[in-house]
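Undergrad: Pasted the sequence and its predicted model underneath.
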Amino acid sequence: MSDNKIILIPHDPQYLPDEIQKAAAIEYLNHITPDADEIELIEHDSVEFFDCGENFGWIKCPSCHAELEVKWWSSRMSDDYADGFMLNTYLLPCCGEHHTLAELHYEWEQGFSRFAISIMNPHIGLLKPDQKKVSEEKLGVPLRVIYQHI
């Protein structure tokens, strides 16, 4: 049996909401996902990577939109990690522009953050735009929505 998660992370990898924001977000997410198996708050001391699991498709350059080789990306992931991701800039092999791993375009969405809310088996399909907007208002920051299939 496979599982699905909706993972919400801030666009700003260093952002940590306050306790009031976290409580408001959890209350709202419990309301819109009443049949979820679990809603978990995740906080790390360092920036971590939140992946889409088996939904992984491609990685593209944000400058020229060329697809990047997974081998190149995997090497940069290893280079960038030292007790958390540093999010250094790297010379991209496609066009010579410099970007962090967080700035790359992923199909499906993936991202880097110290904070996340993970909803295990939410039983709602995709998050609706208005649900994302309310979640952003509750947490006080723009969010990335990661759909993880495991």
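TA: That came through fine.
Undergrad: Tell me which residues are up against stretch 7-15.
TA: The set of residues that contact stretch 7-15 without belonging to it, under CB atoms under 8 Å, 6 or more residues apart in numbering, is 17, 25, 47, 50, 85, 87, 102, 111-119, 135, 139, 141-148. From N, CA and C alone the C-beta is placed, and that goes for glycine too.
Undergrad: Could you rerun that using 6 Å?
TA: Outside of stretch 7-15, the residues that reach it under the criterion CB atoms under 6 Å, 6 or more residues apart in numbering are 47, 50, 102, 111-113, 116-118, 135, 141-144, 146, 148.
Undergrad: and Tyr137, which of the three is it?
TA: In this structure residue 137 is Glu, not Tyr. Under the three-state scheme (DSSP: H, G, I helix; E, B strand; the rest coil), the conformation of Glu137 reads as helix.
Undergrad: For it, grab the count of nearby residues.
TA: 13 (other CB atoms under 10 Å).
Undergrad: May I have the strands that pair with the strand of greatest length in the chain, each with its orientation?
TA: Among the elements of type strand in the chain, defined by DSSP state E, the one spanning the most residues is strand 38-50. Paired strands of strand 38-50, with direction, are strand 111-120 (antiparallel) (DSSP bridges).
Undergrad: tell me the pLDDT at the nearest residue to Leu91 once chain neighbours are set aside?
TA: With CB to CB, 6 or more residues apart in numbering as the criterion, Leu91 has its nearest non-adjacent residue at 5.8 Å, and that residue is His98. As predicted, His98 sits at a pLDDT of 98.
Undergrad: swap in Tyr28?
TA: The model reports Tyr28 with a pLDDT of 98.
Undergrad: Lovely, talk soon.
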